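> Predicted model, plus sequence, below.
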Amino acid sequence: MNAPYASDPAHSRGRLHGASEGGTRGPRDAFQRDRDRIIHSVPFRRLRHKTQVFVAPDGDHFRVRLTHSLEVAQIGRTIARALALNEDLTEALCLAHDIGHPPFGHSGEEALDAAMQTAGGFDHNAHTLRLLTRLEHPYPRHAGLDLSWEVLEGLAKHNGPVLAPNWALAEVDAEFPLDLMRWPSLEAQVAAIADDIAYDNHDIDDGIRAGLFALDTLAAVPMVAELAQGVRARFEDIDERGHVAELVRDQIGSMVNDVIEESRRRLQSTGVSHIEDVRSAGRPLVGFSAPMADAERTLKAFLYDRMYRAAPIQAIASEAKKVIAELFDAYRGHPALLPAEWQQHWPDETAMLRTIGDFVAGMTDRYAITQYRQHVGPVALPDTF
């Protein structure tokens, strides 16, 4: 049994386009169907060739958006089950949270945002909503996946209320109001913190695998040092590869347990008894304890310094931005380069730039590189890290 403040598919606020398209769909509730629609969608499949930190042509052992999303879903379901929340809604949100990312991760997003400044800019979270409600067309009578209100709400504001939505999110909200000023469901809050836990820890694994830092250097982070000592005490003869794997498992477990304990404390202290209490709470009810939040910030600072801002990563990021910026300029200067199905009579330049942005954002890393080589010139991105 789920808690009374969990999201209930039987009391969903519904879908923009109403009931199902007919046919046999199996014994699934609204949130199960949402999860399945996401998994079966083309944008979800494209995540396997979209960058997490390392450019996709790098080694096969590094994370990409797809594997990251699966790891977030695993962590999210664990937390949701412990808190008696709806696991299917949590999983749907975890699986879809990065679906709007353009190629080359945050580097690609920065370049695309700059290229689209005169058309309102680009934000991957808002693009997730645009993609799922407008750009995909898997059904014969309407655009989008027609996901439930609760999924769209959670994707729009899993990091908290949105006070100043950009143009893409504002369009979605105008058509199907998502209560942007209020806090989201507990399931959305779980998805947000599961994302943090996943990339904090798995970036440790990828960073060491790439040689950006060593385990001994990482041990300068107090939380990591304590857990690393525990691993060494249990396995005196363990090699570094095994030590890192065990450390990551211990750290994920430590952070997950902290979230569960702290969230239970907040739920009890605030006395919430219904999902509307959650939305009116005025603050997140799922999160780290104060000591764990401090430890997590210290870990993030280490990763920014030694990994995300490392010279080899920055060199790749710079070239990736160039690919996106110059490819966008090529389409803007010659819209006929777009595939036929993307060409149209645009009422103004803003509409044209947003169409180009939609097309570029949907590319995988590999397709962006192919298109750049075809329309612009050689690419200096490495085949291996």
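Right, received. Where do you want to start?
> Spatially central residue for this structure, please.
residue 98 (2.8 Å; C-alpha atoms, centre = their mean).
> got a list of what the residue lying closest to that one once chain neighbours are set aside touches?
Of all residues not flanking residue 98 in the chain, residue 65 sits nearest, at 5.0 Å (C-beta to C-beta, 6 or more residues apart in numbering). All C-beta spots, glycine's among them, are computed from the backbone N, C-alpha and C. When the contact criterion is C-beta atoms under 8 Å, 6 or more residues apart in numbering, the partners of residue 65 are 47-48, 50-52, 98, 101.
> Of those residues, just say which sits nearest to residue 110.
Closest approach to residue 110 among these (C-beta to C-beta): residue 101, at 11.9 Å.
> okay, now the closest residue in space to that closest one that isn't next to it in sequence: neighbour count?
Distances taken as C-beta to C-beta, 6+ apart put residue 124 closest to residue 101, at 4.7 Å, once the chain neighbours are dropped. For residue 124, the neighbour count with other C-beta atoms under 10 Å is 20.
> List only those of the contacts of residue 65 flagged as buried.
Neighbour counting by 16 or more other C-beta atoms under 10 Å classes 47, 50-52, 98, 101 among those as buried.
> Pick out whichever of those residues sits closest to residue 367.
residue 50 (10.0 Å).
> So the closest one sits against residue 63, correct?
No - if you go by C-beta atoms under 8 Å, residue 50 and residue 63 don't touch, sitting 10.7 Å apart.
> follow-up on the earlier one: pLDDT value on the residue nearest to the centre of the chain, please?
Each residue has a pLDDT score; the one for residue 98 is 95.
> just residue 20 next, same as before
Predicted confidence (pLDDT) for residue 20: 52.
> ok, now residue 218?
89.
> and it, what does it touch?
Residues near residue 218 by C-beta under 8 Å, 6+ apart: 204, 208, 224, 228, 302.
> contacting residues around stretch 184-196?
Against stretch 184-196 from outside (C-beta under 8 Å, 6+ apart): 5-7, 72-73, 75-76, 79-80, 83, 85-86, 89-90, 93-94, 97, 150, 153-160, 183, 259, 263, 275, 278-279, 284-288, 296.
> mean confidence for it?
Confidence over stretch 184-196, taken as the mean pLDDT, stands at 97.
> now it: how far from the chain's centre is it?
How far stretch 184-196 lies from its chain's middle: 11 Å, per C-alpha atoms, centre = their mean, to the nearest Å.
> Show me how far the helix or strand residue 370 falls within is from its chain's centre.
Using DSSP states H and E, residue 370 sits within helix 365-375. Its chain's C-alpha centre and that of helix 365-375 lie 24 Å apart, by C-alpha atoms, centre = their mean.
> and what of stretch 316-331?
Centre-to-centre, stretch 316-331 and its host chain are 22 Å apart (C-alpha atoms, centre = their mean).
> And for stretch 241-256?
Relative to the centre of its chain, stretch 241-256 is centred 22 Å away, using C-alpha atoms, centre = their mean.
> if we look at it, which residues are touching it?
75, 78-79, 197-198, 200-202, 204-205, 208, 215, 223-224, 227-228, 230-232, 234-235, 238, 288, 292, 296.
> Buried residues in that stretch, which are they?
Here stretch 241-256 shows 243-244, 246-248, 250-252, 254-256 as buried, counting by 16+ other C-beta under 10 Å.
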